[in-house]
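Colleague: I need the structure of the sequence given here:
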Amino acid sequence: EELIASCEADGVRARRVPVDYASHSAQVESIRAELLDVLREVTPRAGRVPLLSTVTGELVDGSGMDAEYWYTNLRATVEFADATRALLEEHAVGTFIEVSAHPVLAMAVQESVEQSGREAAAFGTLRRQEGGLERLFASLAEAHVRGVRVDWQSFLGGRGARRVDLPTYAFQRERYWLESDGSASTVEVPVDAVDATFWEAVEKGDLQALSSALELDGDQPLSSVLPALSAWRRQSREQSTVDGWRYRDSWKPVTDGNAGVLSGTWLVVASAEDTTVADVVRTLSGRGAGVRLVEPAGTDRASVAESLRSVPADGMPVSGVLSLLALDETVLPAGGGVIDGTAGTLALVQALGDAGVAAPLWCVTRGAVSTGRSDRLASPLQAQVWGLGRVVALEHPERWGGLVDLPEVLDERALSRLAGV
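Modeller: Down below sits the predicted model:
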């Protein structure tokens, strides 16, 4: 009673389980005879749905689930984790739905899914204080978007359901896709008649018309060139059309940003083995920054947050965070091509909030993007961080500084520009 009162005083939900024995322990043996007597009339039979027993650890059809089975179920250890792993690894189950008044096991299942490195989803049906159809509808929708087939026709039949347009963006009220109401008029662009005739002959592969247009005798020179010229013309037109649908990144040179002085404490977050760290720390220190090197023990959020908290700030506020984590191109074992640098950067963004660091974060890559023909794309894997960085800039603008891509040759001029940026 004291424990329950203490929990409730701290805002922790607590209640007494109304039983006088501890399940799955030797105490259950004291009610074995009573339990077998109460359940003796239970006559099990085979079911239609396969069931993986947490008692036997095997698939059962239900025909052996008699009174003795249910006593063992109450007395023995619940092999829930093993059963979940078996469903994931041996039976390739991809969806776990906890049918209950409130999800209790779904989080445990999700942890097993993450540890297995497999693709699967776990969710519930109802929730505490949410036992109505609205919650069930929401759970069905969650199952639907996770790939579970839901018979919406049967479920929504007779309820007045109707199809509606996808909602627009909450604030700008603009859609992200192109639409046409059919009223747009075609703009006629004047073209040169001679040019049009020439390219029409090329597109059609009309050798006679093309020879006439070019005033050539004989077809031998053109017969070998015309197919390639015709294919080139068609592909150029198609590519031009597709190019008109795309957004593009454009790079514009700015005046040299070498000037400027840094102040306050700057955290440089990097792997201990990175050879670039010493040059970067020296450059920032030379510009007036009080540099503190942070070397996370792992790429998970908790480890990075702990590393940030353990760095002494000497009473000075953190003015900026410079991450070199993206330079680590080690591919995660079960990451689908994701590199340690990307995972570490994501964890760092989250950990900055956990550690209460509000200073802007700058992420450094090297050879991850190309600004032109003379700028070689040397490390495309690091471009993952450029995609992640743009998302962070939208979701946490108060915590974002920017992205900086270093050249292959990291000389004093490049380091000075880094500090200037």
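
Colleague: going along the chain, name the strands of this protein.
Modeller: 51-52, 59-60, 95-98, 121-124, 265-269, 290-294, 318-323, 361-366, 400-406 (DSSP state E).

Colleague: quick one: which of those is nearest V78?
Modeller: Closest of these to V78 is strand 51-52, at 12.6 Å (criterion: Cβ to Cβ). Every residue, glycine included, has its C-beta placed from N, CA and C.

Colleague: packing partners for that closest one?
Modeller: If you count contacts as 3 or more Cβ pairs under 8 Å, 6 or more residues apart in numbering; DSSP states H and E, strand 51-52 packs onto strand 59-60, helix 80-89.

Colleague: please name the residues that touch Q382.
Modeller: A326, L327, E329, I339, G341, T365, R366, G367, A368 (Cβ atoms under 8 Å, 6 or more residues apart in numbering).

Colleague: my guess is the second one contacts S271. True?
Modeller: Just to be clear, that refers to L327. Yes. Between L327 and S271 there is a contact under Cβ atoms under 8 Å: 7.5 Å.

Colleague: so the two - more neighbours on which side?
Modeller: L327 (24 against 19; other Cβ atoms under 10 Å).

Colleague: and the more buried one, what pLDDT?
Modeller: With respect to pLDDT, L327 has a value of 93.

Colleague: ok, now the one 4 residues further on?
Modeller: Turning to V331, the model gives it a pLDDT of 90.

Colleague: could the strands of the chain go into TSV alongside distance to S307, mean neighbour count and mean pLDDT?
Modeller: Formatted as TSV, the strands of the chain follow (distance: least, Cβ to Cβ, whole Å; neighbours: other Cβ atoms under 10 Å; pLDDT from 0 to 100):
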stretch	distance to S307	mean neighbour count	mean pLDDT
strand 51-52	41	15	94
strand 59-60	46	16	92
strand 95-98	34	17	95
strand 121-124	31	19	93
strand 265-269	8	24	94
strand 290-294	5	18	92
strand 318-323	12	22	94
strand 361-366	14	23	96
strand 400-406	19	18	95
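
Colleague: L36 is nearest to which of those?
Modeller: strand 59-60 (19.5 Å).

Colleague: output the contacting helices and strands for the closest one.
Modeller: strand 51-52.

Colleague: measure L327 to V277 for me?
Modeller: 9 Å (Cβ to Cβ, to the nearest Å).

Colleague: which neighbours do those two share?
Modeller: A270, S271.

Colleague: please name the nearest non-neighbouring residue to S53.
Modeller: V60 (4.9 Å; Cβ to Cβ, 6 or more residues apart in numbering).

Colleague: can you tell which of the helices and strands packed on strand 51-52 is closest to C7?
Modeller: helix 80-89 (24.9 Å).

Colleague: and that closest one, which residues are buried?
Modeller: A83, T84, R85, A86, L87, L88 (16 or more other Cβ atoms under 10 Å).

Colleague: now the third one: closest residue in space, sequence neighbours ignored.
Modeller: In this case it means R85. Distance criterion Cβ to Cβ, 6+ apart; nearest residue to R85, sequence neighbours excluded, is S112 at 6.0 Å.

Colleague: so who does the one you found touch?
Modeller: By Cβ under 8 Å, 6+ apart, the neighbours of S112 are A81, T84, R85, L88.

Colleague: rewinding a little: in JSON lines: the buried residues of helix 80-89, plus pLDDT and distance to S319.
Modeller: Formatted as JSON lines, the buried residues of helix 80-89 follow (pLDDT from 0 to 100; distance: Cβ to Cβ, whole Å):
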{"residue": "A83", "pLDDT": "94", "distance to S319": "52"}
{"residue": "T84", "pLDDT": "95", "distance to S319": "47"}
{"residue": "R85", "pLDDT": "94", "distance to S319": "47"}
{"residue": "A86", "pLDDT": "93", "distance to S319": "53"}
{"residue": "L87", "pLDDT": "95", "distance to S319": "51"}
{"residue": "L88", "pLDDT": "94", "distance to S319": "46"}
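
Colleague: ok, now how distant is the nearest residue to A378 once chain neighbours are set aside from L325?
Modeller: Among residues not flanking A378 along the chain, G367 sits closest, at 3.1 Å (Cβ to Cβ, 6+ apart). Separation of G367 from L325 (Cβ to Cβ): 16 Å.

Colleague: in terms of neighbours, single out the busier of these two.
Modeller: L325 (27 against 19).

Colleague: distance check, the more buried one against S230.
Modeller: L325 is 51 Å from S230, by Cβ to Cβ.

Colleague: and which of the contacts of Q382 is nearest to S250?
Modeller: Of all the contacts of Q382, A368 has the smallest distance to S250: 17.2 Å, by Cβ to Cβ.
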